[in-house]
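Trainee: based on what follows, work out the 3D shape:
(one chain, ligands or ions: 1)
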Amino acid sequence: MPVLILIDHSDGQIKKASLEALTYGADLAKQLGTTAEGLLLGTVTDDLAGLGKYGIVKVNQVSNDALNTVDALVYAKAIAEAVNVLGATVLVLSHNQTGKAVAAFTAAKLKAGLVTGAVALPDTTNGFTVKKAVFSGKAFANVAVTSSVKIISINPNSYKTVAGEGVAEVSQLSITVDACKIKITNVNKVKGEVPLTEAEIVVSGGRGLKGPENWGIVEDLAHVLHAATACSRPVADSGWRPHHEHVGQTGVQIAPNLYIAIGISGAIQHLAGVNRSKHIVVINKDPEAPFFKAADYGIVGDAFEVVPKLTEEIKKLKNG
Ligand SMILES: Cc1cc2nc3c(=O)[nH]c(=O)nc-3n(C[C@H](O)[C@H](O)[C@H](O)COP(=O)(O)OP(=O)(O)OC[C@H]3O[C@@H](n4cnc5c(N)ncnc54)[C@H](O)[C@@H]3O)c2cc1C
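Mentor: Numbers count the residues shown, from 1 in each chain. The predicted structure follows:
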């Protein structure tokens, strides 16, 4: 009765969030005295056997091109069937776009208890209790799961990926895959150096930057740090930046290792999307800006003076 982990991918490559899920699932399997296996729906160019280094013993692959695009209902049915065929009692997914789309449908099909946004391994000393973030990360809830099949989606960046030694067996799994009921006619790919949700570092700008013509300083800093760019909601609403860069309660929710906020006040709705970042650096000319309360490091100063200097210093450091 293995712990099964969904391996999410896009453009033929396994997502970073899935590596965290694999480590989490492998550690959970150890805790439960069982083994961890991956489930890959579709095809990737990445080395599957190499995923053994994250602690899984086997990758169950359903090679079907229809699964290279996520149709939540098709995915949920396939995942539920795989869980049944493999006899898994716990399914682990990342609480990313795919996880959010498919977890609830899968739970309904399996009549499984579902905990979304988990931040730690379950406490299995007396039952099965999972700690999860609630109220946009402002509090935690401990949820007891009593169903025989359990599903956990873990918050990206809340569990450290550990790569060791090991090679996983790769095996084809034969299950029914329904035809997609939706047809994608057009895909507009976001062009950028680093996708926002996968980025380790995010440099973000707010209304303090005065206008779109001033975004060069944000982009230059992002470039030297190999970071993604983001913005506050009014910036996107004003058309200064594209909407896919808007982070916050009503935008993209991110949890990078480093979030640099430039000319952003730190309204609660903005914080809701970024407060899971490991380290927050705030640059704001107003020492009373609320964002400083959430910051690990703060610079009180004019962004137009501070940011170019910061970029230059980082360049110097990188060039040795
Ligand atoms: C239902 C709802 C949902 C919302 N969802 C979101 C959301 O998802 N994301 C989001 O971001 N907002 C959201 N908002 C809006 C949110 O309440 C704030 O209005 C918004 O985040 C403010 O954006 P800002 O910090 O860029 O602008 P401002 O509040 O105008 O702050 C600009 C900051 O820049 C600083 N500044 C000015 N000039 C400089 C300079 N030269 N150098 C350095 N600093 C400078 C100022 O001191 C100030 O702190 C939502 C609001 C509502 C009501």
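Trainee: all the strands of the stretch 101-250 of the chain, residue numbers only.
Mentor: 113-118, 129-134, 139-144, 150-154, 169-172, 201-205, 228-231 (DSSP state E, counting those that start in this stretch).
Trainee: closest one to residue 272 among these?
Mentor: strand 129-134 (11.0 Å; CB to CB). Where you see a C-beta, it was placed from the backbone N, CA and C, and this is true even at glycine.
Trainee: and that closest one, what does it pack onto?
Mentor: strand 113-118, strand 139-144 (3 or more CB pairs under 8 Å, 6 or more residues apart in numbering; DSSP states H and E).
Trainee: quick revisit: wait, which of the strands of the stretch 101-250 of the chain is closest to residue 303?
Mentor: Using CB to CB, the strands of the stretch 101-250 of the chain put strand 201-205 closest to residue 303, at 8.1 Å.
Trainee: quick revisit: so which of the helices and strands packed on strand 129-134 is the most packed in?
Mentor: Of all these, strand 113-118 carries the top mean neighbour count, a mean of 21, counting by mean count of other CB atoms under 10 Å.
Trainee: need the residues of the protein near the ligand, please.
Mentor: When proximity is defined as CB under 6 Å from any ligand atom, the chain approaches the ligand at 206-208, 232-235, 248-251, 263-265, 267, 269-270, 273, 283-286, 289, 302-304.
Trainee: list the contacts of the residue nearest to residue 295 when sequence neighbours are not counted.
Mentor: Leaving aside its chain neighbours, residue 295 sits nearest to residue 282 (4.0 Å; criterion: CB to CB, 6 or more residues apart in numbering). Taking CB atoms under 8 Å, 6 or more residues apart in numbering, we find residue 282 in contact with 261, 264, 266, 289, 291, 292, 294, 295, 297, 298, 299.
Trainee: what about 6 Å?
Mentor: Counting by CB atoms under 6 Å, 6 or more residues apart in numbering, residue 282 touches 261, 291, 292, 295, 298.
Trainee: TSV for the strands of the stretch 101-250 of the chain, including mean pLDDT and distance to residue 162?
Mentor: Formatted as TSV, those follow (pLDDT from 0 to 100; distance: least, CB to CB, whole Å):
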stretch	mean pLDDT	distance to residue 162
strand 113-118	96	17
strand 129-134	94	19
strand 139-144	95	23
strand 150-154	97	14
strand 169-172	96	20
strand 201-205	97	21
strand 228-231	96	24
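Trainee: just send those strands back as CSV, with distance to residue 308 too.
Mentor: Output for the strands of the stretch 101-250 of the chain, formatted as CSV (distance: least, CB to CB, whole Å):
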stretch, distance to residue 308
strand 113-118, 38
strand 129-134, 36
strand 139-144, 39
strand 150-154, 38
strand 169-172, 49
strand 201-205, 13
strand 228-231, 16
